[in-house]
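Undergrad: Sequence first, then the predicted structure, then my questions.
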Amino acid sequence: MRHELFVQTKNRQELVDLTAMINRVLEAWPAKEGLCTLFVAHTTAAITVNEAADPSVVDDLLRHLNRLVPEKGDYRHREGNSDAHIKAALIGNSVQIPVHNGRLDLGTWQGVFLAEFDGPRRRRVIVKLAADPD
């Protein structure tokens with residue numbers, strides 16, 4: 001099964017928790033066991049799994065990525081968003097998560113995040129579900 005999620009971000013940089021949205025997609029999926037692949041179809045956004053319980057983790061992640069790859073630097077890309085491309089490449093554009101009992105099989109504190117590095121924008125996330133062969 002394939003599904004698309006559209007996420008409107010509000011800031012130039014932010015992490016948007018997609019966990020509940022993905023679990024709603026899984027509710028409509030007849031299989032209860034399998035694999036969920038998430039892919040963000042953009043070069044200045046990423047997908048990651050990280051702690052969803054304490055919002056300071058998201059703040060720390062963004063703050064330190066900005067220290068590592070500042071917005072203004074010796075970049076050649078004329079569009080002015082080279083830092084966003086580099087951050088997206090560091091985090092990655094896809095993740096795979098097991099599905100168990102019809103839900104993402106995440107750890108206790110984990111959530112799935114869209115990492116926006118060049119917003120605000122409307123982002124497309126492709127959800128591909130593959131059932132375990134039984």
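TA: Cool, the structure landed.

Undergrad: Could I get the pLDDT score of residue 134?
TA: We have a pLDDT of 69 for residue 134.

Undergrad: ok, now which ones touch residue 40?
TA: Contacts for residue 40 (Cβ atoms under 8 Å, 6 or more residues apart in numbering) come out as 46, 47, 93, 94, 114, 123, 124, 125, 126. C-beta here means a position set from N, CA and C on the backbone, and glycine is covered the same way.

Undergrad: Just the buried ones out of these, please.
TA: Listed as buried from the contacts of residue 40 are 46, 47, 93, 114, 123, 125; burial here means 16 or more other Cβ atoms under 10 Å.

Undergrad: taking the residues you listed one by one, which sit in strands?
TA: Of the positions in the buried ones among the contacts of residue 40, 46, 47, 114, 123, 125 sit in strands, assigned by DSSP state E.

Undergrad: okay, these in a markdown table with distance to residue 2 and pLDDT next?
TA: As requested, those are arranged in a markdown table below (distance: Cβ to Cβ, whole Å; pLDDT from 0 to 100):
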| residue | distance to residue 2 | pLDDT |
| --- | --- | --- |
| 46 | 20 | 98 |
| 47 | 16 | 98 |
| 114 | 18 | 98 |
| 123 | 17 | 98 |
| 125 | 12 | 98 |
